[in-house]
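*Asks:* Okay, sequence plus prediction incoming.
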Amino acid sequence: MTNKPQHRTEFIGYLHSFRGFAIIMIVMIHAVGAAFYGAYDTYDESHPIIIINEVLFHDSTLYFALISGLLYTKILASRGLLNFYRSKLKFILLPYLFFTLVFTAFKIESDEGLWILSYFYEVFINLIYGKASFVLWYIPVLFFLYAVTPVLDYLLKTNTITRFIFLLVILLPLVVSRIQMAQDYILEFETMLYFTGAYALGMFIGTYLDETMHWVKQNRLLLWTCTLMTSALLFYIYMAQIDLLGFISLKESLFYIQKLGLAVLVIFGFKQLNEKHPKWLNGIANDSFSIYFMHGFLVYALLPLLRPLLKWDETKPLMVMLGSFVLLIGAIVISWMVVKLFQHVFGKYSRMIVGG
């Protein structure tokens, strides 16, 4: 591959479509999880529905990390770091603050006289750890990725030694596993490193996009074989209830390989479509961050409406499948409606409130 980075500022349709694909995958795992919980009142990782859901959609946030790194080196780097950070402040941090304020208000419980103090304390905690909604844990991780972007850019572009270190960053998630944060407010450094690997790979792909797509074209069979093999291994690991090998999570290592392999295949697939991308997917991609901010709250807000159907004993698996798609579509459509409402009221400033 050539050592000369290519920076262009044009709109790249197939990358935009991939962003739409990524947010659908992210919403889907939570929609299935919510529908299953509505039907069975638990989240049983030994149940076939949950195993399929986990294998297909778990760690789909890696797609977001990959495309963020890719778009930085392909498009955003040429505009300068100051503009990069200004954009993230306006269109990621401010909406994150807004949704943290809103979702914390729904969750806070305190005596009337202490409500304000408790509320702002919870807002502070939720901002640091991404706990206002169960999906917002990724936003502090994303800020970490933005913070280390100049370091990664230096490693990628300086010399052979720094590029070797950059390669180690990409490979590190194979032995440093993502830590789940569902039960506490601890923001684990291992989780940040895990997503840094995908972000760094995205930066590499963005720097050599044409060459990477050519490589994918020549090695599609290898990539599909690797993706299918890791998926099969994940099915076995879930059924056998195997995970840790010492301090390494076999699940997270396999998910890392599976999701990143599938990511480059999907990007290549969208590229092959030329200008024939689904128009509805572009709309979803436009509002991908708004959907991300809102979907966790929305799938569980909509869940009570579906509970009577989900509780039918004779058809629970079928109802979970149908309910999952209803929650997926409902979360995306309502998010779109919220974005349009804020655009109508606040115009161009709406992006600084709800993203999009």
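*Replies:* That came in fine, so what should we check first? Residues are numbered from 1 along each chain as shown.
*Asks:* From Leu281, how far out is Gly20?
*Replies:* Distance, Gly20 to Leu281, using CB to CB, to the nearest Å: 4 Å. No exception for glycine: its C-beta is placed from N, CA and C like everyone else's.
*Asks:* Oh, that last question was meant for Ile67, not what I typed.
*Replies:* 14 Å.
*Asks:* which stretches of the stretch 101-250 of the chain aren't confidently modelled?
*Replies:* 110-114, 180-186 (pLDDT under 70).
*Asks:* For it, just list every one of the strands.
*Replies:* All strands of the stretch 101-250 of the chain, identified by DSSP state E, counting those that start in this stretch, fall at 244-245, 248-249.
*Asks:* And Phe268, how far from Gly261?
*Replies:* For Phe268 relative to Gly261 (CB to CB), the value is 11 Å.
*Asks:* Please compare Gly20 and Leu281 by neighbour count and tell me which comes out ahead.
*Replies:* Remark: of Gly20 and Leu281, Gly20 carries more neighbours, 23 against 18, as counted by other CB atoms under 10 Å.
*Asks:* who touches the residue nearest to the spatial centre of the chain in this structure?
*Replies:* By CA atoms, centre = their mean, the chain has its centre lying nearest to Thr61, at 2.4 Å. Thr61 is in contact with 26, 138, 195, counting by CB atoms under 8 Å, 6 or more residues apart in numbering.
*Asks:* My guess is Phe84 contacts Ile75. True?
*Replies:* No - between Phe84 and Ile75 there is no contact, the gap being 10.1 Å when judged by CB atoms under 8 Å.
*Asks:* and Ile125, how many neighbours does it have?
*Replies:* Neighbours of Ile125 (other CB under 10 Å): 15.
*Asks:* cool, the one 10 residues further on as well?
*Replies:* Val135 is surrounded by 20 other residues when neighbours are defined as other CB under 10 Å.
*Asks:* list the contacts for it?
*Replies:* So Val135 contacts 26, 30, 292, 295-296 (CB under 8 Å, 6+ apart).
*Asks:* same question, Phe18
*Replies:* Neighbours of Phe18 in contact, by CB under 8 Å, 6+ apart: 63, 67, 263, 266-267, 270, 285.
*Asks:* repeat for Phe268
*Replies:* 213, 216-217, 220.
*Asks:* That one: what secondary structure?
*Replies:* The three-state label given to Phe268 by DSSP: H, G, I helix; E, B strand; the rest coil is helix.
*Asks:* Could you measure from it over to Phe18?
*Replies:* Relative to Phe18, and taking CB to CB, Phe268 is found at 10 Å.
*Asks:* Need the overlap of contacts for Phe268 and Gly261.
*Replies:* Common neighbours of Phe268 and Gly261 are not found (criterion: CB under 8 Å, 6+ apart).
*Asks:* Mind listing what's buried along stretch 77-85?
*Replies:* Judged by neighbour count using 16 or more other CB atoms under 10 Å, the buried positions of stretch 77-85 are 77, 84.
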